[in-house]
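Undergrad: Below are the sequence and a predicted model; questions follow.
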Amino acid sequence: MNTQKFVPYEKLSKKARKAIDRKKRSDWGNVKPATQVEANKKSYQRHEKHRKRAEYLYA
């Protein structure tokens, strides 16, 4: 019977602590950690007026 004794995290070897930390870590999946701010619809859109003209000229 092979039982492992409890060893406090602080007393574990560096390699063992890294293994435990690696298991705890996970990725964010589809979650984007950066805050997404929706543009204010009431604010003045400086280039909205000439957008189609600019696409025509520079396309």
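TA: Received, thanks.

Undergrad: Name the surrounding residues that touch the longest helix anywhere in the chain.
TA: If you go by DSSP state H, the chain has its longest helix at helix 14-24. By Cβ atoms under 8 Å, 6 or more residues apart in numbering, the residues outside helix 14-24 that reach it are 9, 12. For the C-beta atoms, the positions are set from N, CA and C on the backbone; glycine is no exception.

Undergrad: got the buried residues for it?
TA: Within helix 14-24, no residue is scored as buried using 16 or more other Cβ atoms under 10 Å.

Undergrad: Phi and psi next, for the residue most central in space within the chain.
TA: Centroid-nearest residue in the chain: residue 33, 3.7 Å away (criterion: Cα atoms, centre = their mean). Main-chain dihedrals, residue 33, degrees, to the nearest 10: phi -70, psi -20.

Undergrad: where along the protein do the helices fall?
TA: Under DSSP H, the chain gives helices at 14-24, 51-58.

Undergrad: Check the ones you listed for me: which has the lowest mean pLDDT.
TA: Across the helices of the chain, the stretch with the lowest average pLDDT is helix 51-58; it has a mean of 67.

Undergrad: Report the separation between residue 14 and residue 33.
TA: Computed as Cβ to Cβ, to the nearest Å, the residue 14 to residue 33 distance reads 28 Å.

Undergrad: correction: residue 46
TA: From residue 46 to residue 33 the distance is 30 Å (Cβ to Cβ).

Undergrad: what's the distance between the nearest residue to residue 9 once chain neighbours are set aside and residue 24?
TA: Spatially, and ignoring its direct neighbours in sequence, residue 9 is nearest to residue 17 (6.6 Å; Cβ to Cβ, 6 or more residues apart in numbering). Going from residue 17 to residue 24 by Cβ to Cβ gives 11 Å.
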